[in-house]
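Participant: Sequence first, then the predicted structure:
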Amino acid sequence: MASPPRPADGAVNSVARAIAVLRALGDAPGDLTLGEISERSGVPRSSVHRIVQTLRQAGFVAASNGGGGVRLGPAVAELASLSRAQLTPLVRPHLEQLSRRLEEGASLAVLDGDEVRFLDQAITGQGLRAVSLVGARFPAHCTANGKALLAALPRPTLDALLPARLQRLTARTIASRGALLAELEEVRRAGVAFDREEHAEGICAVGRVVRDAAGNLAAVTVALPAARFYGREQELAAALTQATAQIDAALAFGHEPAA
C-alpha cells in the first residue's frame, strides 16, 4: 500500500488526496475499483469514496462500462486541451530559433492515444524540407517525437497503450514490442529519440520531451531528409537539448524567462 500523501505547508489535505486519487487513475492501465485506488494512492477507502463521488459530479472521474470500476473522465481531457492551447504560443519562438539555427524544420507534438498529433511547426531556410502538416497524426512507435513521449510514460501506461501488433511502415520500422521497449530504455538513458527512416523512407528526425509546470508532456522534433541527417546526429541532439531546456524554463514560468 502506498504511503498516504502528505500535503506541503499550507496545502489542503482533501485537495492533496484528490490529486493522489487522480494520479492513481492516470497511472493505471485500466479501470480501478475503490479498493484499488486506495491501495495505489494511500488514501483511506472511506475518503476515496467521497472524493470519487465529488470528482464524478465534476466530470473528472467516470464509471466504467461494467465491472464497478472507475476511470478518468472527460473533464481531464478538456483541461489538457486548454493546456495545449497555451503551449503553442510559448513554444513557437523556440521552434523558430531552433529551425533557424539548424536550417531544418522543427515541430511540436503531443501524444494522442498511440499516435502523435502535431500542434505547430516552424520551417526556415530554403531547399528540401521535411514538412508535417499541423494537425497530422503519425504512429508513435516509429517517430522521434512519439518514441520520446512513450519513453516518458510509466510502464503500466505504456503497456496498455501500445497495440498488440506494431505497424511496419518502412523496412526500418521497429515492429517488435520487445525491440521497441529496448529502444525506449535507450531513449530514457540518452534523453533523445531518433527516427532513422522508420516512419518514411528518406526522412529522419530527432525528438526530445518538454514538460509544463503541471507535468504535461509534449515533444519537440527536428526532421530532415536522410541525406542531411546521417553524421549529424550528435549536432542535432545537442541543439535540440539546448532548445528544450529553454522551453522547459519558459513553460515552468508560463512566459518567456528573462535573459
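Facilitator: The structure has been received and is ready for your questions.

Participant: Regarding stretch 22-42, how distant is the last residue from the first?
Facilitator: Counting by CA to CA, to the nearest Å, you get 12 Å between the two ends of stretch 22-42.

Participant: Name the residues that touch that stretch?
Facilitator: Residues outside stretch 22-42 that contact it (CB atoms under 8 Å, 6 or more residues apart in numbering): 1-5, 17, 20-21, 43-45, 48-49, 52, 55, 60-61, 64, 67-72, 76, 154, 156-157, 159-160. From N, CA and C alone the C-beta is placed, and that goes for glycine too.

Participant: Okay, buried residues for it please.
Facilitator: 22, 24-25, 28, 31-32, 34, 36-42 (16 or more other CB atoms under 10 Å).

Participant: from these, which is closest to residue 188?
Facilitator: Of all those, residue 28 has the smallest distance to residue 188: 20.9 Å, by CB to CB.

Participant: So the closest residue to residue 137 other than its chain neighbours versus residue 233, what's the distance?
Facilitator: Spatial nearest neighbour of residue 137, chain neighbours left out: residue 115 (4.4 Å); criterion: CB to CB, 6 or more residues apart in numbering. Look at residue 115 and residue 233: by CB to CB, to the nearest Å, they are 25 Å apart.

Participant: Next: residue 175.
Facilitator: 23 Å.

Participant: Same check on residue 16?
Facilitator: 43 Å.

Participant: what's the answer for residue 27, then?
Facilitator: Residue 27 is 33 Å from residue 233, by CB to CB.

Participant: repeat for residue 34
Facilitator: Shown here: residue 34 relative to residue 233, a distance of 49 Å by CB to CB.

Participant: Next: residue 54.
Facilitator: Counting by CB to CB, the gap from residue 54 to residue 233 is 50 Å.

Participant: Repeat that for residue 105.
Facilitator: Distance from residue 105 to residue 233, counting by CB to CB: 17 Å.

Participant: And the two? Which one has more around it.
Facilitator: residue 105 (22 against 14; other CB atoms under 10 Å).

Participant: I figured that one hits residue 222, correct?
Facilitator: Yes: counting by CB atoms under 8 Å, residue 222 is a contact partner of residue 105 at 7.1 Å.

Participant: Please enumerate the shared neighbours of those two.
Facilitator: Common neighbours of residue 105 and residue 222, counting by CB under 8 Å, 6+ apart, are residue 99.

Participant: Now do the contacts for residue 157.
Facilitator: Taking CB under 8 Å, 6+ apart as the test, what residue 157 contacts is 26, 27, 28, 29.

Participant: Just to be sure, it is in a helix?
Facilitator: Yes: counting by DSSP: H, G, I helix; E, B strand; the rest coil, one finds residue 157 located in a helix.

Participant: Perfect, I'm done here.
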